[in-house]
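S.K.: prediction below, plus the sequence it came from.
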Amino acid sequence: MTCRLVPFSEIPSIVGTIVVGPPYSLTREDVDRFAVATWLDRVPPVGDPEHYPEGLVAGFHSLSLLDALSLMTLAFDTASCWALNYGFDRVRFVEPLTVGEVVTPTFTFREVRKKEPGYLVLRHCVLEIAGKDRPHLTADWWDYVLPRDGSSPLR
């Protein structure tokens, strides 16, 4: 899969664009590495682990993958702009995800707003689980994209 690079000048034109990322699945090793990286391995489990599905993937694990998954599909061209995480309006973990399930990410660019000297860009993110009627995750995610022309506070 080839990532489409969007230069700063073309950002307003991406509204309505839908991009589908590559299907993936997480392994037990992925889950264990996430626990180490986020210190979840240092705290006792919350509640009775027997009440959770075997191989349950933490919601924040799947949420943290959105950045990498989005960069595999459509990215802002770093030759002409900086893209910063501006935040989330809405995140929902709709369906549990377990190790080995196949997930396909979809990103829909819903809005571009001028915010001097750049743009706020809203994308709706959905992580679909193969064979399930409901997605694992939905999120409305904002980026703040600034030009690399000297007018932004970033150098």
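M.R.: Okay, I see it. Numbers count the residues shown, from 1 in each chain.
S.K.: what residues does the longest helix anywhere in the chain touch?
M.R.: If you go by DSSP state H, the chain has its longest helix at helix 28-37. Here helix 28-37 makes contact (Cβ atoms under 8 Å, 6 or more residues apart in numbering) with L40, D41, G55, V57, A58, H61, S64, V99. In short, each C-beta sits where N, CA and C put it, glycine included.
S.K.: skip the chain neighbours and tell me the closest residue to T78.
M.R.: Using Cβ to Cβ, 6 or more residues apart in numbering and skipping the chain neighbours, the partner closest in space to T78 is R148 (7.7 Å).
S.K.: and E111, by the same measure?
M.R.: L122 (4.1 Å).
S.K.: if we can go back for a sec, wait, the residue nearest to T78 touches F76, no?
M.R.: No. Using Cβ atoms under 8 Å as the test, R148 is too far from F76 to be in contact (10.2 Å).
S.K.: angles on the backbone of the nearest residue to L66 once chain neighbours are set aside, please.
M.R.: Take L66 and drop its neighbours on the chain: the residue closest to it by Cβ to Cβ, 6+ apart is C125, 5.4 Å away. The phi and psi values for C125, taken as degrees, to the nearest 10, are phi -110, psi 140.
S.K.: report the central residue of the chain.
M.R.: Nearest to the mean C-alpha position of the chain, by Cα atoms, centre = their mean, lies L66 at 1.7 Å.
S.K.: list phi and psi for it.
M.R.: phi -60, psi -40.
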